[in-house]
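A.B. asks: pasting the sequence and the predicted model now:
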Amino acid sequence: MKSQSLSQVQLFVTKRPRLEKNIEKVYADSQDADTVIQYIVAVLVRHALCISDFYLFCQDLVREILLFAEPTEVLRKLAPLFRDCFDSGREWEEVTHRLYKKTKVYHRYNNRVSECKKYLFAKTTPVEELDGQQYKLVSTFEDAVGKIHNWSLRDADKNASAMKINAVLELMSSLTIFEKDGIRRFVQLENSEIDNCTRYVKIRKGEIVEEPVQISTNPEKVETAEDSSVQLSSEIASLSEEERLELVKMLLPEGFVLADTRLEEPAIIMAEKEASNEGAIALKTNTGATQEVGKTDGKVTSTLKESPTISVGNSKPTTGKKKKKGTESSNYSSKRKKKRGKNKR
């Protein structure tokens, strides 16, 4: 007889007292031991991965099912998880004998869940150590038809190891109670992670609950960006040239080489200065001259003395004196006047 099923939201969200009553009612109405024992295993998954305490959940109901319910494959597979519900060793022997008949069969089933058993009842992180932070476990599963879907569990233990999460969720994937449209939901675990989902309440019932943050303005502890920049500049200025060069090399990206151009540019400048000086000297040598002023027959005559010139290229050096054109015409006119005077006589 099938009972009215509990949803996964009820199993993974409802608080312990109410959830225990709901599961007990389902079993009282239906006597469906396989479904109810899987509900309890789902709660054990919650106990293992959350900070909430569900240890020995529905203990009396578990004892009743394993001692008196008709043996099934589901009960044989999951019964080894509930050894702690039995204080008496004799009662547990009665359970194993009723469900498995032989001790070897029991050990075979027990070995299948032994890896998960050590994680199901291990202690989780105390609430006090979370410092008010809240976490959730977000996992991805593949359903019976290969479709991917997400599932999250709040109040997760942030310190749960990957091995623990994997073993516990693999156990949950073996349960057949979670379906949607007749398709099993949790068949294959794909991914799982723990996220911080802490809520920070700022306003409650119209009143601000956020505590103001006090910012220290102690001038001894406040350091402005300008002060830091001045200090850095003074430290760099105190370095030698070699130390600055090494600092620049360290800051260069990998593979970049710093080229030293300090000697190339001065050399070019010096060569240009030398060429300029040589050109100026040659110009003075070619055009340097002295002028002499003398009186000839009451007229001023000038002579130009030139120093030897140095030719550039294929031209030949020339030396000697040259008279200006004005001087030659002056001497010619003097000779003409003398000749006219002789003719008149």
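C.D. replies: Alright, I've got the coordinates.
A.B. asks: so what's the residue nearest to Leu66 when sequence neighbours are not counted up against?
C.D. replies: Excluding its sequence neighbours, the residue lying closest to Leu66 (C-beta to C-beta, 6 or more residues apart in numbering) is Val95, at 4.8 Å. In this view, the C-beta of every residue, glycine as well, is placed from N, C-alpha and C. Residues near Val95 by C-beta atoms under 8 Å, 6 or more residues apart in numbering: 66-67, 79, 86.
A.B. asks: ok, Val95 to Leu67 distance?
C.D. replies: Val95 sits 6 Å away from Leu67, going by C-beta to C-beta, to the nearest Å.
A.B. asks: with Ile183 instead?
C.D. replies: 34 Å.
A.B. asks: repeat for Lys15
C.D. replies: For Lys15, the distance to Leu67 - C-beta to C-beta - is 28 Å.
A.B. asks: between these two, which is the more surrounded one?
C.D. replies: Taking other C-beta atoms under 10 Å, Lys15 and Leu67 do not tie; Leu67 has more neighbours (14 against 8).
A.B. asks: surely the more buried one is within a strand?
C.D. replies: No: using DSSP: H, G, I helix; E, B strand; the rest coil, the assignment for Leu67 is helix, not a strand.
A.B. asks: so the residue nearest to Leu66, which of the three states?
C.D. replies: Going by three-state DSSP, the state assigned to Val95 is helix.
A.B. asks: how close does it get to Pro80?
C.D. replies: Distance, Val95 to Pro80, by C-beta to C-beta: 10 Å.
A.B. asks: swap in Gln134?
C.D. replies: In terms of C-beta to C-beta, Gln134 sits 33 Å off from Pro80.
A.B. asks: neighbour count for these two, which is higher?
C.D. replies: In terms of neighbours (other C-beta under 10 Å), Pro80 is the more surrounded of Gln134 and Pro80; the figures are 21 against 15.
A.B. asks: that one: what's it in contact with?
C.D. replies: Contacts were defined as C-beta under 8 Å, 6+ apart; by that measure Pro80 touches 106, 109-110, 113-114, 117.
A.B. asks: repeat for Ser173
C.D. replies: 141, 186-189.
A.B. asks: identify each buried residue in stretch 96-112, please.
C.D. replies: Across stretch 96-112, burial judged by 16 or more other C-beta atoms under 10 Å covers 96, 98-100, 106, 109-110.
A.B. asks: C-alpha coordinates for it, CSV please?
C.D. replies: Provided in CSV are the C-alpha atoms of stretch 96-112 (Å, rounded to 0.1, in the frame of the first residue of the first chain):
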residue,chain,number,x,y,z
THR,A,96,20.6,-9.8,11.1
HIS,A,97,19.3,-13.4,11.5
ARG,A,98,15.8,-12.4,10.4
LEU,A,99,16.9,-10.3,7.4
TYR,A,100,20.0,-12.2,6.1
LYS,A,101,19.7,-15.7,7.5
LYS,A,102,23.4,-16.2,7.1
THR,A,103,26.2,-14.2,8.6
LYS,A,104,28.2,-14.1,5.3
VAL,A,105,25.2,-12.5,3.6
TYR,A,106,25.1,-9.8,6.2
HIS,A,107,28.8,-9.1,5.9
ARG,A,108,28.4,-8.8,2.1
TYR,A,109,25.7,-6.1,2.5
ASN,A,110,27.6,-4.4,5.3
ASN,A,111,30.7,-4.1,3.2
ARG,A,112,28.8,-2.3,0.5
